[in-house]
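*Asks:* Return a 3D structure for these sequence lines:
(chains A, B, C and D)
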Number of protein chains: 4
Amino acid sequence: MNFASDNWAGAHPDILAALLRANDGAAPSYGGDELTKRVERKFSDLFERDVAVFFVATGGAANSLALSQICPPWGMILCHQESHIQMDECGAPEFYTGGAKLLSLEGDAAKLTAAGVSAALEGFPDRPPHGMPASALSITQASECGAVYTAEEVKALGGVARAAGLKLHMDGARFANAVATLQCAPADITWKAGVDVLSFGGTKNGCLIAEAVVFFNPDDAKDFIFRRKRAAQLFSKMRFVSAQFDAYLADDLWLVMARHANAMAKALSEGLAAAGCKVWYPTEANEVFVSFPPGVEERLIAAGAQFYPWATPGDPAGGTMRRLICSWATQAEEVRRFIEVARG
Amino acid sequence: MNFASDNWAGAHPDILAALLRANDGAAPSYGGDELTKRVERKFSDLFERDVAVFFVATGGAANSLALSQICPPWGMILCHQESHIQMDECGAPEFYTGGAKLLSLEGDAAKLTAAGVSAALEGFPDRPPHGMPASALSITQASECGAVYTAEEVKALGGVARAAGLKLHMDGARFANAVATLQCAPADITWKAGVDVLSFGGTKNGCLIAEAVVFFNPDDAKDFIFRRKRAAQLFSKMRFVSAQFDAYLADDLWLVMARHANAMAKALSEGLAAAGCKVWYPTEANEVFVSFPPGVEERLIAAGAQFYPWATPGDPAGGTMRRLICSWATQAEEVRRFIEVARG
Amino acid sequence: MNFASDNWAGAHPDILAALLRANDGAAPSYGGDELTKRVERKFSDLFERDVAVFFVATGGAANSLALSQICPPWGMILCHQESHIQMDECGAPEFYTGGAKLLSLEGDAAKLTAAGVSAALEGFPDRPPHGMPASALSITQASECGAVYTAEEVKALGGVARAAGLKLHMDGARFANAVATLQCAPADITWKAGVDVLSFGGTKNGCLIAEAVVFFNPDDAKDFIFRRKRAAQLFSKMRFVSAQFDAYLADDLWLVMARHANAMAKALSEGLAAAGCKVWYPTEANEVFVSFPPGVEERLIAAGAQFYPWATPGDPAGGTMRRLICSWATQAEEVRRFIEVARG
Amino acid sequence: MNFASDNWAGAHPDILAALLRANDGAAPSYGGDELTKRVERKFSDLFERDVAVFFVATGGAANSLALSQICPPWGMILCHQESHIQMDECGAPEFYTGGAKLLSLEGDAAKLTAAGVSAALEGFPDRPPHGMPASALSITQASECGAVYTAEEVKALGGVARAAGLKLHMDGARFANAVATLQCAPADITWKAGVDVLSFGGTKNGCLIAEAVVFFNPDDAKDFIFRRKRAAQLFSKMRFVSAQFDAYLADDLWLVMARHANAMAKALSEGLAAAGCKVWYPTEANEVFVSFPPGVEERLIAAGAQFYPWATPGDPAGGTMRRLICSWATQAEEVRRFIEVARG
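*Replies:* Okay, the predicted model is just below:
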């Protein structure tokens, strides 16, 4: 009964198999190999547009490098106050950008709204050179609270961003889960909706180490190779990352895995609600946020369940919120049993 | 009728006279001169304690260097959302610290409260190495809304800071105005109340270019000379800054000037309130924040009055707030006439 | 006939097998898993001392994070002018340290000498706060020109470093090759010789993605977890890196592979010298630097050989130098044939 | 007999007088005042071209901000190994640029040559993204050893820079001394010779605190206002800096002062050479570098003379070199007496 994190799951067998295949013989390093070039092209196919894609070591690197490319050191990045870049990356965005400011905003279920962003911009008016110019907007899809932005919502944010001269970044650590939920084309919720750059995550969804930065306008990626290299994020044996993405994107494996994780979360959420637990946010991806009735948490832990407490600024749950995450590897039996124990 | 900023005022004649006196002959550069050493000692006298003091070019430098000394690049600085370091320094604190995060909080009249700081710390719990460790607390005395922290209020914040392992910084761009209001010893609202480092401003209050960083525990200033130098904030002809502080601190000139500015603001505030203007914050220093009845602003401008609009996150005035600042050089006649014109 | 780089080689089968084994079941993320803890302890065994070890994504990250820990942003790092940190990391050391200066020195075969370091320190005397204080010394073992420091040479450099208050860093991207050559204990050429922190490389020598920073005095690693995380170098699924090191260190696999690469290079070097090629540096590890007689390079390329030109500051070869690298995967037949073609 | 530094001299009376005049009444802050605008235009007149000029607090700030504008964080700045930016600014260029590398080169009398720069570029070939791209060239006029680049020499360096895609920066802390020596128009040795940005120093030559960054192509200054502000280098009471430059440039005062300093240095140099001292570099500005015969230094110090030892990488004088600096305030009698004592 492991609901601690999708990072606790291993890698999908198909992805490991691809890794083994990629190991044969010598291949140019630093991404000069044929496999890497082929997989990079796959991203253009996936997004129905020529994109510039760069593989990096971690989701934090993807987010931080992407932001450093679209925000100057004296610029400001608007984001949610519960966003991963604000709460969980130990200042990597600030480090990589050379000191940009994250202006954190409120919003239900860790989602920003066009109205909220507009209001924030009014409260921090352009007063060069005293105020930092608002330069970027970052949203997380699916959000840190397991909610999903519809294409329309992204479009509205994209519109506000464009009007204010901001570039739009999407943290897609769980992009697969969002696409699986929306049943849309990846393009629909990215560049077609105004997203300039996407952190495309593979690690949480069945890879070992596989994160990518995708620029939808390759001109926006000028000098990015220098940024990645000096951040020590350019793998010498790149083929081992490319191989993961190769398998990940083949035969919709990424969506197959995400659909499974989402379905497990949905079942968990519904089962717990029925068992009298308070479910805090709509379960639209692979995460469930709950408060348990008295005694339930102790019972679950005694039964071997694993999960984490969840603390946020402006916590609505008074410290009682718990986060449950499902992954491609979550078993229906784990979910069934967790609900059963919760029900008592 | 100039109420645009205390930065618009010139320098006090005594300070200019000191500058002229300091010009005689040759003197060691970079602060090695006798005058600088003497003035540095004056700060220890002023604060009734051995302090380490460093002169710098701007208030932004004082704040940013001070913060960089007490917060690591991966640390977090709690501050008010309307604070100067958050709103007006174009990211200098982020730049100087190497990427620390400013966690901005709410609070009346740009003042933080011990309870507010405690709540913020709970919303951003210690989760090394994911969350940035809260490392410093910064308050502004007098605040950006012209309010003053009492010694008790500073002490309460100092207590919260110490308990949470935070160093306490005070932005004292208008420290003189606060001391003048409180009629206390400088020590009472600084180190005796838990302040670790103070940005001691002179420029806004009658100097030309004179800002200082004061560490109340000289051990906290280890390697600070390197920080100042590499920030290009070490004046070669330091004596010209030292001379200003020499005169500033002589015969309580700094307090004489601040008392005058405060008195002018008080008269202005009371006069405007009586004239039917909405005064937004308690006028405890040299700033007045008002909304004018319809037609009044136009009349004032036509009469040659100078002042700025004031925009803040969560603006209670719906964009109508105006900021009026008095200085050591404000004349009673300017205040009288401004009120007269406002009254109509 | 691939002598382009040890980064072009794949991973050793034992290491891939370990990766597969590590994939079973769920495991705590970010290095909280049992495997990671066990492998970390292996490093203490290997170095016969309690060490603090941190896994990262690239050799550039290992070097840059290590240096950022032992050198302040205003400090200076002495290194060789041909060192990887000076020539090949696109400023990662400067980025990670927050702006430290690399003072690059000359020396035969990319090796520094105690005398050379002493002379450099005299030419950059301590003049606080104007000059940057010399804070760290970095050497590469084996060097970028394929030479190896003896334990005595490291000790002499360690002595100079200690006397001048510098921490000593060793870039061990090819540490295995050096140990294989010297037939010494890893401790002999590291902490016993004055090394404070080692970048311990696995990738070039048979791993996929496996680099480590090893602090020989765990107290020196204070707050390093924050540095690694904010550099976005903390893997979420750490077990996949730990597994590689697990196999790498088992049964001396790392030395078995390095010995093979060294032997191949030795054979190549001797064969080419006998064939009338100019060999520039002693072949003490897995790299050979040669200038070919006229016509030879063209013949080799026509025969399918792969290798790179090598340019350095103060190039002794007038642009004719070529670098040949052997790896754990180099076959004797490749070496034999390369020499044969070179001989013509 | 003060030859310690031109920074030890006070300010010229005309400059102090201008300061006093500027003090009258209120004036917009942060450079919005009329005086500042007028003085900014004076720079365009001086350089016979529309320039963008920015006043800052120190020469270190001028250099570092200028370099940060023309070199990306991952770029490389070629400079002399004895240059002020390499030896004396405690890493400010690295800090302001966000981690650029200074590639230090040799050259007589602290001057670079076109040939030397070309050779250095060949030794650090373009290998993106591994090597940092060479982005800027910085020269000092007059040089740190008191030598002056002719217009032809600057032009040759400008040609090399342009051909290699480097921007050319000139550290003009002693620009006045160079112009006085060359008797040329300021334009001749700056933009007409390929200089893109100049640090124009006033402090060493009779001002109190007055340094400027001059971009000869205003388009190159895009976003520079943000850089200056976030570096905390934007003075609130800017008029006090502008006033200094106003007087400095009036009636050629800057050249009058520089000519005097140069003449004093020339007399000192010739007198000491005649007295048997070793003069190391051509005395082309206001600095003299000497080694004294045995016993002379002691005699001079006993007589009250003040000067500094001078240490450099590759010191030709074996530690015996001393630096003597003259200023606008040096008196002929000081020079006469110093020579007399030296002669014994």
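*Asks:* Give me the packing partners of the helix or strand hosting A:Val154, helices and strands only.
*Replies:* Element membership of A:Val154, judged by DSSP states H and E, is helix A:151-164. Helices and strands touching helix A:151-164, as assessed by 3 or more C-beta pairs under 8 Å, 6 or more residues apart in numbering or on different chains; DSSP states H and E, comprise helix A:114-123, strand A:134-140, strand A:167-172. In short, each C-beta sits where N, CA and C put it, glycine included.
*Asks:* Give me the below-cutoff pLDDT ranges for chain A.
*Replies:* Regions of chain A meeting the criterion pLDDT under 70 are absent.
*Asks:* Tell me where it has helices.
*Replies:* All helices of chain A, identified by DSSP state H, fall at A:13-22, A:34-47, A:59-70, A:84-87, A:92-97, A:114-123, A:151-164, A:175-182, A:224-230, A:239-249, A:253-274, A:296-302, A:332-343.
*Asks:* Present the ones you listed as CSV; the columns should include mean neighbour count and distance to A:Val288.
*Replies:* Listed next are the helices of chain A as CSV, based on neighbours: other C-beta atoms under 10 Å in any protein chain shown; distance: least, C-beta to C-beta, whole Å:
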stretch, mean neighbour count, distance to A:Val288
helix A:13-22, 19, 26
helix A:34-47, 17, 28
helix A:59-70, 28, 21
helix A:84-87, 25, 18
helix A:92-97, 30, 27
helix A:114-123, 16, 25
helix A:151-164, 19, 21
helix A:175-182, 26, 12
helix A:224-230, 23, 35
helix A:239-249, 26, 24
helix A:253-274, 21, 5
helix A:296-302, 15, 13
helix A:332-343, 17, 10
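*Asks:* Ok, which of the ones you listed comes nearest C:Val241?
*Replies:* Of all the helices of chain A, it is helix A:239-249 that lies closest to C:Val241, at 11.6 Å by C-beta to C-beta.
*Asks:* Flag every residue of chain A that's near chain D.
*Replies:* A:72-74, A:98-99, A:128-130, A:132-133, A:223, A:225-230, A:234 (C-beta under 8 Å from any C-beta of the partner chain).
*Asks:* which outside residues touch the helix holding A:Val154?
*Replies:* A:111-114, A:117-118, A:121, A:134, A:137, A:139, A:141, A:149, A:166-168, A:170, A:182, A:184, A:188-190, A:192-195 (C-beta atoms under 8 Å, 6 or more residues apart in numbering or on different chains).
*Asks:* Nearest residue to the residue in the stretch 201-344 of chain A positioned nearest to chain B in space, please, no chain neighbours.
*Replies:* As assessed by C-beta to the nearest C-beta, chain B sits closest to A:Pro313 within the stretch 201-344 of chain A, at 3.6 Å. Distance criterion C-beta to C-beta, 6 or more residues apart in numbering or on different chains; nearest residue to A:Pro313, sequence neighbours excluded, is B:Gly123 at 3.6 Å.
*Asks:* wouldn't that neighbour be in contact with A:Ala311 here?
*Replies:* Yes. B:Gly123 lies in contact with A:Ala311 (C-beta atoms under 8 Å); the separation is 6.8 Å.
*Asks:* how far away is the nearest residue to A:Lys167 once chain neighbours are set aside from A:Glu48?
*Replies:* Spatial nearest neighbour of A:Lys167, excluding adjacent residues (C-beta to C-beta, 6+ apart): A:Ile70 at 3.8 Å. A:Ile70 sits at a distance of 22 Å from A:Glu48 (criterion: C-beta to C-beta, to the nearest Å).
*Asks:* cool, and A:Gly31?
*Replies:* Counting by C-beta to C-beta, the gap from A:Gly31 to A:Glu48 is 23 Å.
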